[in-house]
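[1] sequence first, then the predicted structure, then my questions.
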Amino acid sequence: MNENYLELTVGAVFVYNFVLSRFLGICPFLGVSKKISTALGMGGAVIFVMTLASFCTSLVYHYLLQIKEIAGFKVDLSFLQILLFIVIIAGLVQLVEIILQKLSPVLYGALGIYLPLITTNCAVLGVAAINAQSAREVLPSTVFGFFSGVGFALALVLFASIRERLELAQIPKIFQGMSIALITAGILAMAFMGFAGLC
Amino acid sequence: MNGFMVEYSSVVFAALAMGSIGLVLGILIAVAAKIFKVESDSRAELVLELLPGANCGGCGKAGCADFAKAVASGELSPGQCPVSSRETVNAIAQALGIENNVSFRKCAVVLCGGDKNQTRNPILYNGVNDCRSASLISGGPKGCAYGCLGLGSCARTCPFGAIEIVNGLAVVHGELCVGCGKCVMACPRKLIKLVNADAQVHIYCSNPEKAPLKRQYCNVPCIGCRKCEKAFPDKFKVEGFRGTVDYDAPQLPTAEEAASVKCPAHCLLTAAEHLAVEHNDPDHENTKEIQ
């Protein structure tokens, strides 16, 4: 399958943005978007995990789940997809965390609590599932995973910067806190709808 | 028969696939945990267990775990935890086998004695019930620009419920105060000081203005008569019209000594007096009608 990488990239970052178009990973989107610095940390961790997860899960998808016959027996392992993906993502993130802690304490400190937090994030599982659904090859899958993470980080940083401004704004009492955040998220999502049909 | 075989083998291979991937990941993680093991400082954990664990941030670190790490690495001394009792600090020092140098518990004190009966408010304030808001409007409703506004910003900030507003004056319950210093930050008038918790006597006035000026709006200001300084020159200091207890002195003034001074302005009080008598008792000799 010949992939158009430009289309893949723009699609992952803008058109089918994970948070604002697919509405996956809303929990961290609302949870860690109060400050730009934490949003950047979270975004970095998500990019990292999504790239890794889509690489590994597409390997598993192509070389394990596609097996139709083992030792003369007919098998169909595709129902294991989600189970396997979760186990692999969780295990890998754990592994990477242990290695990072030793090799790069600085990066470990920067990613901090976010790394284990996003292990079972639906956006990360979503990347793997979407890759499997469209039967992408390993390299396009990885590229898609990376740019999906970039899209997530973009949405998070945009939202965090708006929320930082909102801290200083005079907001009517009933809209304060989470309600204005949800309204903002809705408007942001509508703005991203403008990219629809681009690819 | 064939159909059965397909399902049967699928079950077996599914279990095999999951099991083997789980096993591989498990072994990988176990090996990585062994190879990339990071020695965590067991001393820090030891300290953390002894600390109060309120995570108040009074030490300036982000929580007790951070403080424990700093103590274990020698960056801070255990006495720098403002909340720990003396026993706790000693226990930590003993556990680490280090010298225990700075260690007295601190306690907040509100250096103003002007409750509603003793002071005059030339402005009627009807705004937000918060000292910081009130002080933004032409210096606040109180006549004394250095007096307690009594709107309770400090009391609401205190995580330990140690500050109470009695008759328009913030008072500290010493037995509840742990000296975390949050009230010091909250007070827009900077009236609250963290002092040695053993100090039982304070001069409850923070106003450096001249005595006749202070008298216009307060019945209990420090008038700078220097009676206390003359009686105990090593324990009290008077600068201009404002006296203070010398908290760094080797000996702190006792309640008896304070009583013997017979402060004519009634601003040299024990903490217990500040807490109770004056503000609740309308018959107290201090409580006069404001002209």
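    Arrived safely, thanks for sending.
[2] quick one, helices of the stretch 51-200 of chain B?
    Per DSSP state H, counting those that start in this stretch, the stretch 51-200 of chain B carries helices over the ranges B:63-72, B:86-96, B:131-136, B:153-157, B:182-186.
[3] and the second one, what's buried?
    It refers to helix B:86-96. Neighbour counts over helix B:86-96 (16 or more other C-beta atoms under 10 Å in any protein chain shown) mark B:88-93, B:95-96 as buried. C-beta: built from backbone N, CA, C; applies to glycine.
[4] for chain A, what are the nearby residues on chain B?
    Residues of chain B lying close to chain A (C-beta under 8 Å from any C-beta of the partner chain) are B:5-6, B:9-10, B:13-14, B:17-18, B:21-22, B:25-26, B:28-29, B:32-33, B:35-38.
[5] farthest residue from the center of chain A?
    Distance to the chain centre peaks in chain A at A:G72, reaching 38.7 Å (criterion: C-alpha atoms, centre = their mean).
[6] surely B:D115 is in contact with B:A170?
    No: between B:D115 and B:A170 there is no contact under C-beta atoms under 8 Å: 9.7 Å.
[7] identify the contacts common to those two.
    By C-beta atoms under 8 Å, 6 or more residues apart in numbering or on different chains, B:D115 and B:A170 have these common neighbours: B:G150.
[8] distance check, the closest residue to A:M50 other than its chain neighbours against chain B.
    Once flanking residues are discounted, A:M50 sits nearest to A:G149: 3.8 Å by C-beta to C-beta, 6 or more residues apart in numbering or on different chains. Distance of A:G149 to chain B, computed by C-beta to the nearest C-beta, to the nearest Å: 22 Å.
[9] so where does A:G149 fall, helix or strand?
    helix A:138-168 (DSSP states H and E).
[10] residue contacts, A:A189?
    Neighbouring residues of A:A189 by C-beta under 8 Å, 6+ apart: A:19-21, A:23.
[11] among the residues you listed, name the buried ones.
    A:19-21.
[12] re earlier: can I get the helices of the stretch 51-200 of chain B in CSV with mean pLDDT and distance to B:V220?
    Shown next, in CSV, are these (pLDDT from 0 to 100; distance: least, C-beta to C-beta, whole Å):
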stretch, mean pLDDT, distance to B:V220
helix B:63-72, 81, 39
helix B:86-96, 79, 33
helix B:131-136, 88, 20
helix B:153-157, 90, 20
helix B:182-186, 89, 21
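[13] just send those back as CSV, with distance to A:P105 too.
    As requested, the helices of the stretch 51-200 of chain B are arranged in CSV below (distance: least, C-beta to C-beta, whole Å):
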stretch, distance to A:P105
helix B:63-72, 13
helix B:86-96, 24
helix B:131-136, 40
helix B:153-157, 35
helix B:182-186, 32
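[14] how about these, which one is nearest A:M178?
    helix B:153-157 (22.5 Å; C-beta to C-beta).
[15] which other helices and strands does that closest one contact?
    Contact partners of helix B:153-157 among helices and strands, from 3 or more C-beta pairs under 8 Å, 6 or more residues apart in numbering or on different chains; DSSP states H and E: helix B:131-136, strand B:163-166, helix B:182-186.
[16] okay if I get those as JSON lines plus mean neighbour count?
    Shown next, in JSON lines, are those (neighbours: other C-beta atoms under 10 Å in any protein chain shown):
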{"stretch": "helix B:131-136", "mean neighbour count": "18"}
{"stretch": "strand B:163-166", "mean neighbour count": "19"}
{"stretch": "helix B:182-186", "mean neighbour count": "19"}
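[17] reformat those as CSV; add distance to B:G58.
    Below are the helices and strands packed on helix B:153-157 laid out as CSV (distance: least, C-beta to C-beta, whole Å):
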stretch, distance to B:G58
helix B:131-136, 21
strand B:163-166, 15
helix B:182-186, 7
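[18] before we move on, back to that, buried subset of the residues of chain B next to chain A as a PyMOL selection?
    Buried subset of those, written as a PyMOL selection, criterion 16+ other C-beta under 10 Å:
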select buried, chain B and resi 9+10+13+14+17+21+25+29+32+33
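[19] so which of the residues of chain B next to chain A belong to strands?
    Applying DSSP state E to these, no entry is found in strands.
[20] tell me where the stretch 101-250 of chain B has strands.
    In the stretch 101-250 of chain B, the strands defined using DSSP state E, counting those that start in this stretch lie at B:106-110, B:163-166, B:169-172, B:192-196, B:201-203, B:236-239, B:242-245.
[21] looking at these, which is closest to B:C64?
    Set against B:C64 and scored by C-beta to C-beta, the strands of the stretch 101-250 of chain B come closest in strand B:106-110, at 17.0 Å.
[22] and that closest one, what does it pack against?
    Against strand B:106-110 (3+ C-beta pairs under 8 Å, 6+ apart) you get strand B:169-172, strand B:192-196.
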